[in-house]
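**Student:** based on what follows, work out the 3D shape:
(one chain, ligands or ions: 1)
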Amino acid sequence: MRCEVCGVGERQEKAIRYCLAVGEQFVVVENVPAFVCDRCGETTLQPDVVERLQNTVWSSNRPVRLLETRVYDFV
Ligand SMILES: [Zn+2]
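**Tutor:** Next up, the predicted model:
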């Protein structure tokens, strides 16, 4: 599938790591199916995947693992 953003690259289906800020926390969802351009990196998710992601992020299900995250102040 040709990328409509750069018009040059091809979109490949890949399993990506999706990160989202929820309040003071970052939530990471691994192995999310997405279409990623091999040229510009533009990433697109199918609507049903977005819906499942939202359900996952807002669920109170126990995560598969916890990460410790470093926070820096750029100023
Ligand atoms: Zn592209």
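
**Student:** what parts of the protein come near the ion?
**Tutor:** 3, 5-6, 9, 37, 39-40, 42 (Cβ under 5 Å from the ion). Just so you know, the C-beta spots here come from the backbone N, C-alpha and C atoms, and that holds for glycine as well.

**Student:** run through the helices of the chain in chain order.
**Tutor:** For the chain, the helices defined by DSSP state H occupy 47-58.

**Student:** strands along that one, start to end?
**Tutor:** In the chain, the strands defined using DSSP state E lie at 11-22, 25-37, 43-44.

**Student:** select only the buried ones of the residues of the chain next to the ion in ChimeraX?
**Tutor:** In ChimeraX, a selection of the buried entries from the residues of the chain next to the ion looks like this (16 or more other Cβ atoms under 10 Å):
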select :3,9,37
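
**Student:** for residue 7, see how far away the residue positioned nearest the centre of the chain is.
**Tutor:** Closest to where the C-alpha atoms of the chain average out (Cα atoms, centre = their mean) is residue 18, at 2.3 Å. Counting by Cβ to Cβ, to the nearest Å, the gap from residue 18 to residue 7 is 25 Å.

**Student:** what does residue 67 give?
**Tutor:** 36 Å.

**Student:** comparing the two, which residue is more hemmed in?
**Tutor:** Legend: neighbour count by other Cβ atoms under 10 Å for residue 67 and residue 7, higher for residue 7 (10 against 7).

**Student:** check the more buried one and give its pLDDT.
**Tutor:** Among the per-residue scores, residue 7 shows a pLDDT of 96.

**Student:** which phi and psi does it have?
**Tutor:** Per-residue torsions, residue 7: phi 70, psi 0 (degrees, to the nearest 10).

**Student:** just checking, residue 18 touches residue 31?
**Tutor:** No: applying Cβ atoms under 8 Å as the test, residue 18 and residue 31 come out as separate, 9.3 Å apart.

**Student:** quick one: low-confidence parts of this structure?
**Tutor:** Along the chain, no part satisfies pLDDT under 70.
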